[in-house]
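*Asks:* sequence and predicted structure, then a few things I'm wondering about:
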Amino acid sequence: MTKPTVDWFALTPSLSLLAGASLALLGAVLVPVVARRLFAAVGAALGFVAAGVWAGLLYSETPNASLEVSDAITRDRFGALAQIVIAGAGLLAIGISYGHRTRAEHVGEYYALLAAAGAGMVFLVQANDLMTLFLGLEWFSICLYILCAIEIDLVSSLEAGLKYLVVGSFGSAVLLFGSALVYGATGELEFGAIARELENQGLLNDGLVLAGLAMILAGLGFKASAAPFHMWTPDVYEGAPTPVTAFMSAATKAVALVLALRVLVTAFPGEQELWTIAVAVIACVSLAVGNVAALVQRNLKRMLAYSSVSHAGFMLIAVAANNELGGRALLYYLIPYGAASLGAFGVVAARERELGERVTIDNVAGMGWERPLLGVAMWIFMLAFAGLPLTGGFVGKFYVFAAAYDAGLWWLVLAGVIATAISLYYYLAVIRALYMRMPDVQLAPAGGSPPREAVLQGTVLTCMAIAIGSFFAVQPLIDVAEKATAQLPF
Amino acid sequence: MNEWLTTILILLPLGAALVVWLLPLSSQAAGSLALLAALAEVGIWINALTRFDFDAAGIQFDRQQTWFDDLGVSYHVGVSSLSLWLIGMAVVVMAAAIAYAFWTGRDRPRAYFGLMLFLTGAVVGVFSAQDLLLFYVFFEAMLIPLYVLVGVWGGAGRLTATIKFVIYTMAGSLLMLAAIVVYGLSEGTFDLVEGADSDNAWVFLGFVAAFAVKAPLFPLHGWLPDAYRESSPEVAAVLSGVVSKAAGYGFLAIAIAKFEEPAQDLQPLLLGLAAVGLVYGSIVAFRAPDVRGVIAYSSLAQMSLITIGLFALNDLGSTGAVLQMVNHGFLSAALFLIAGVIERRAATGDFARLGGMARGRPALATVLMTTGVIALAVPGSTAFAGEFLILAGAFDEGWGWAVVGGVAIVLAAMYMLRLISAVLHQQVGTSVPDEALDLRPGELAVIVPLVASLLALSVWPAAITDHLSF
């Protein structure tokens, strides 16, 4: 057996994030307590920056996709672009985390785990066989299980961690079982080889393969929190520390959806008649469940959790389109969605720190006038979620609808339109609370005015700039996404 | 210069809005700056009017810049003669509304005036967008400031009003978005100038849904009474005067222009809805218990009449409809602002507690009489010219439509005269204090230009009708 040649360049994003994680961990041991938080945060942030830069280089230096490390990973622009998105999400999540009330003795681990989760994600989006797929998935999931439960003095945080662990492990197990079935039927692990064997051995209607495909889809559905695999989402999003929720809502979803598209088009092109319908149905269910459930939420984090389920539905429409336009739509959609999601949870985090209690629709009443920057930012994020113009969310939805129509799935366009109309009710309810209601009782922040959190406000401002900027800079973003999706075998 | 003119018209108020929002201006400074920007906008429009070549057909002052090329979407703006007149009406009414708000004073002035300016930019954008997606962007961008303007500065029932308004409007607009996607992808471009005719009736109906809610047409007018009653007078003026015209413009420039065959096929449906709305609106206006109720439902009736003109699908009807759109913009804006000054004095708009206001208030009486008499389309007024052309156009499509229109004009006389007499004449109302003064110079300065525009058009309606090409 020959040793595989390793393309270290293709692995640089993962490696730099692991280095960032190590730096943060070293800080936990070597740096005095006063500087530990800053050191760990900067270490992890450097990891994310380096990963983003390396992914950018990888993007520009990879005019043609290639398989590396014994065909276990793909080096292509599609993966590199997703890595840039993840790196950006991680960096913003660190901005939201920085002022968070993390216990001093755990601050090093917190940032180390965040960077390690990022490393798993950037590794996963390059996966090209079922082993690396599972490895990457577990890698970042285990980090996230711990991150959810890191506030060990809060019962809700522990509960969230446990729930995520149990349900997430179940999802991973389903995915693993599905992988085993596919491997059993085809004798191959590598995505391209699976597609070839399915064709050569005439296995397209094989029960084993179809069951395996369904289980892989379900396993990824758990991670993307698409209905009906979303049951964990509201509880975990609500209970986990808000910065962790922010990171999960943007990055985990991005990874799972990007990977779903990659697996489906590279390993199962022969089954496309089946999986496009399956994905379309999951998309519709997600839209229905997410939007209807969000209507009745009073807790903002829960509402945003259900909204994230519905956005998984929108992005799955792009996957179901199964064309280059759909790939572009997915990659574009991730940018305003990720920014709005991180930003919205950032605003929730800010309010949480100010009031010292859970943030509901009622206790943000009048906040828009008291805290102009956060208020306007939240307004913009809600518009971006609802897909209203002057935010990238509008262009994202437009692209998704265009992709679906282009693929002949006009009924998905209609489903998306109806879902958007319903979603307006709860997104506008937030704006209504921020600006049109006054608090019944003056919610005096405990201990006087909160300190100005420049880092958090800067992060929210950045998210706002991305949400609006992506509306105006569609052409450059689409050009980049176009080159990335061109390397997928549609 | 010419190619930038439309862009300047759009960006000037948007830029001014940003300045008002971001700079820590005092209340006075914010208001004056907003008013100055609105007046500058009128100035630029007059400049555009003098440069416009009415002998040439098609779009002028146009500028095209790719937005994203893979789907053929671009920032393409320009004005046709139709949009030129509507923009003119819009900028004048917006300036009047901003001046009225400045005169009255509003809480949180920076936010308020910024939103009004933003709305101005969005409205001009709607009338000048030559790309369907861009049109949609501006169409939706109008909604965002309106939502807040009604929801924050409105009356007691404002929250219900905003929810109804937004849900109705967005349901229509989203159907239009779906229609735009289908039209654009099947034509290969979203450009209105390049895009060919389509015979897809579903797509046509998607557009119609959005415009029918915005106008509104019967039976999609559920949001109208609440929104017009609960918003502040100048916002109601803008809603009924300017924003509803986006629907008329959309009907003419998109639904009818690009979907000749479906428009022809579905003509009876639309004429029927408009006829019902016309009679229904007129009757409810006659029975309405307050000033704003009359104006709100008369607005429903007037928009229905305009729709009859548009869907007569002939030049006569369209010309009348455009003239009447401009007329009604000035008319309903003037009427809502007058309703505002009445409410300021009597603290109510209920007819039961109003009356006798003409005594000792000659200016108010004159302004209201003049506006009301023009609104009921007295011969010689510009509204008469507009309605006459609409009826003439409708007559070509069947005398029945013209009869309905004729009946409605009689009803219009009834509700307008009732409004005038209930406010100005009869017994002095219980809510009309003696010390409530006549119109102040500031109020006159806002309302008189609107009335003067109406009088000028009455003298020379051909200014518009002879300078239109479809």
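*Replies:* Nice, thanks for sending it over. Numbers count the residues shown, from 1 in each chain, chains lettered A, B, ... in the order given.

*Asks:* which residues of chain A lie near chain B?
*Replies:* With C-beta under 8 Å from any C-beta of the partner chain as the criterion, chain A meets chain B at residues A:325, A:328, A:369, A:383, A:388-390, A:394-395, A:397-399, A:401-402, A:405-406, A:410, A:413-414, A:417-418, A:420-421, A:424-425, A:428, A:431-432, A:435-436, A:474-475, A:478, A:482. (Glycine included, C-beta is placed from N, CA and C.)

*Asks:* what's the PyMOL line that selects buried ones from those?
*Replies:* In PyMOL, the members of the residues of chain A next to chain B classed as buried (16 or more other C-beta atoms under 10 Å in any protein chain shown) are selected with the following command:
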select buried, chain A and resi 325+328+383+388+389+390+394+395+397+398+399+401+402+405+406+413+417+418+420+421+424+425+428+431+432+435+436+474+478+482
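
*Asks:* and the gap between the residue in the stretch 351-470 of chain B that chain A sits nearest to and B:Leu22?
*Replies:* Going by C-beta to the nearest C-beta, chain A is nearest to B:Val446 of the stretch 351-470 of chain B, at 26.9 Å. As defined by C-beta to C-beta, to the nearest Å, B:Val446 lies at a distance of 27 Å from B:Leu22.

*Asks:* more neighbours, the two?
*Replies:* The residue with more neighbours, out of B:Val446 and B:Leu22, is B:Val446; 27 against 10, by other C-beta atoms under 10 Å in any protein chain shown.

*Asks:* wait, what's in contact with A:His311?
*Replies:* Contact analysis of A:His311 by C-beta atoms under 8 Å, 6 or more residues apart in numbering or on different chains lists A:Lys253, A:Gly290, A:Tyr337, A:Ser341, A:Phe385.

*Asks:* so what's it scoring on pLDDT?
*Replies:* As predicted, A:His311 sits at a pLDDT of 95.

*Asks:* and it, how far from A:Leu434?
*Replies:* Taking C-beta to C-beta, one finds A:His311 at 21 Å from A:Leu434.

*Asks:* what about the nearest residue to B:Leu419 once chain neighbours are set aside, which SS state?
*Replies:* Excluding its sequence neighbours, the residue lying closest to B:Leu419 (C-beta to C-beta, 6 or more residues apart in numbering or on different chains) is B:Val294, at 4.8 Å. Look at B:Val294: counting by DSSP: H, G, I helix; E, B strand; the rest coil, its state is helix.

*Asks:* neighbours of B:Val294, how many?
*Replies:* By other C-beta under 10 Å, the residues close to B:Val294 number 26.

*Asks:* isn't it right next to B:Ala285, touching?
*Replies:* Yes: counting by C-beta atoms under 8 Å, B:Val294 does reach B:Ala285; the two are 5.0 Å apart.

*Asks:* mind listing what's buried along the helix or strand encompassing B:Ala402?
*Replies:* Assigning secondary structure by DSSP states H and E places B:Ala402 in helix B:399-424. By 16+ other C-beta under 10 Å, the buried positions in helix B:399-424 come out as B:401-402, B:404-405, B:408-409, B:411-413, B:415-416, B:418-420, B:422-424.

*Asks:* show me what the helix or strand just after it is packed against.
*Replies:* From helix B:399-424 onward toward the C-terminus, using DSSP H and E, the following helix or strand is helix B:441-459. On a contact count with 3 or more C-beta pairs under 8 Å, 6 or more residues apart in numbering or on different chains; DSSP states H and E, helix B:441-459 meets helix B:81-104, helix B:315-346, helix B:362-375, helix B:382-396, helix B:462-465.

*Asks:* helix B:441-459 to helix B:382-396, inter-axis angle?
*Replies:* Interaxial angle, helix B:441-459 versus helix B:382-396 (axes from the mean of the first three to the mean of the last three C-alpha atoms, to 10 degrees): 40 degrees.

*Asks:* one step back: so which of the contacts of A:His311 is the closest to chain B?
*Replies:* Nearest to chain B among the contacts of A:His311: A:Phe385, at 13.6 Å, using C-beta to the nearest C-beta.

*Asks:* right, I'll call it a day here.
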